[in-house]
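In: Sequence first, then the predicted structure, then my questions.
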Amino acid sequence: MKYFVSENSIVRNIWGKADTVLFIFAGAAAEFALNKAVDWLYFTGNLPADPLARLFSTVEYSKKILFSKYDDALWAIDKITAIHKGVETARGMEIPQWAYRDVLYLLIDYSVRSFELLERKLTDNEKGELYDVFYRLGKRMQIQDLPQSYNGWIVTRENHLKENLVCSNFTIDLYRQYRKHLGTGRYLLLKQVQMLLVPNQVFKLLNFNSLQWLRPALWLYKLAKQLKFDWLLKEAILPPKYKLQIKDLDN
């Protein structure tokens, strides 16, 4: 049976663990807030209205692509493309190609950063394999000017971080929504995770402070994973009504 991502792929290993997926989207939430094209997310109103629902909607499509049969994965990718085209039609303008690349790039970057923070360093071959999956996804979405290799992506990624991020009123409002929907305690935890993950450019633009109390606690979490108590910590990250969705993140 043919899959879009092979069954023994490192990509399935990364995206098949709830804690890694949650960390990926914690990092993405920081960078989304700074992106110069974040107004597109405000046009539909879905992200500011309910950031957590948007998170699990995005995760659901990601899982369909990474863990489905080849044709089903293509269907999911085409569905995502159609949704974006519908938004473009409604607004009467096209989403910039650099904005499409930005989203693809941050998913690649935070996949690496999250897995390496929680598990181990990835090999060069594994990074190349990860990039190949997202490259094929991007090509199917007709995203232009994608680098041919992981090493080429590294250079382009740095340029995007320098050129396409800014702290704006959208940034401030989006973080206000994060706090509203998560509650103060979980919001502070989110920011701690983000401090561990984000590139320097994102760290500086969000004016994060140097008080990082989560890093010393990571070894406790890793110990909890070995003792099979990590589900308690996963449920602590998000509100109780998302308990089932959190458990579903583990494949």
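Out: In hand now; what should we look at?
In: Only C-alpha atoms from now on, for both contacts and neighbour counts.
Out: Will do.
In: Not counting its neighbours along the chain, what's nearest residue 161?
Out: residue 201 (6.7 Å; C-alpha to C-alpha, 6 or more residues apart in numbering).
In: Quick check: which element contains the one you found?
Out: helix 200-205 (DSSP states H and E).
In: ditto for residue 147
Out: Counting by DSSP H and E, residue 147 is part of no helix or strand.
In: Contacts only, for the residue lying closest to it once chain neighbours are set aside.
Out: Nearest non-adjacent residue to residue 147, counting by C-alpha to C-alpha, 6+ apart: residue 153, 5.4 Å away. Contacts for residue 153 (C-alpha atoms under 8 Å, 6 or more residues apart in numbering) come out as 105, 146, 147.
In: swap in residue 3?
Out: Neighbours of residue 3 in contact, by C-alpha under 8 Å, 6+ apart: 67, 68, 69, 70, 71, 73.
In: Per-residue pLDDT of it, please?
Out: We note a pLDDT of 94 for residue 3 in this prediction.
In: which phi and psi does it have?
Out: Phi and psi for residue 3, reported as degrees, to the nearest 10, are phi -120, psi 160.
In: who does it bridge with?
Out: residue 69 (DSSP bridges).
In: For residue 36, see how far away it is.
Out: 35 Å (C-alpha to C-alpha, to the nearest Å).
In: ok, so what distance separates the residue nearest to residue 161 from residue 165?
Out: In terms of C-alpha to C-alpha, residue 201 sits 8 Å off from residue 165.
In: who has more neighbours, the two?
Out: residue 165 (20 against 15; other C-alpha atoms under 10 Å).
In: Report the spatially closest residue to the more buried one, excluding sequence-adjacent ones.
Out: residue 35 is the one closest to residue 165 (C-alpha to C-alpha, 6+ apart), at 4.6 Å.
In: of the contacts of residue 3, closest to residue 44?
Out: residue 73 (24.8 Å; C-alpha to C-alpha).
In: Brilliant, that's me finished.
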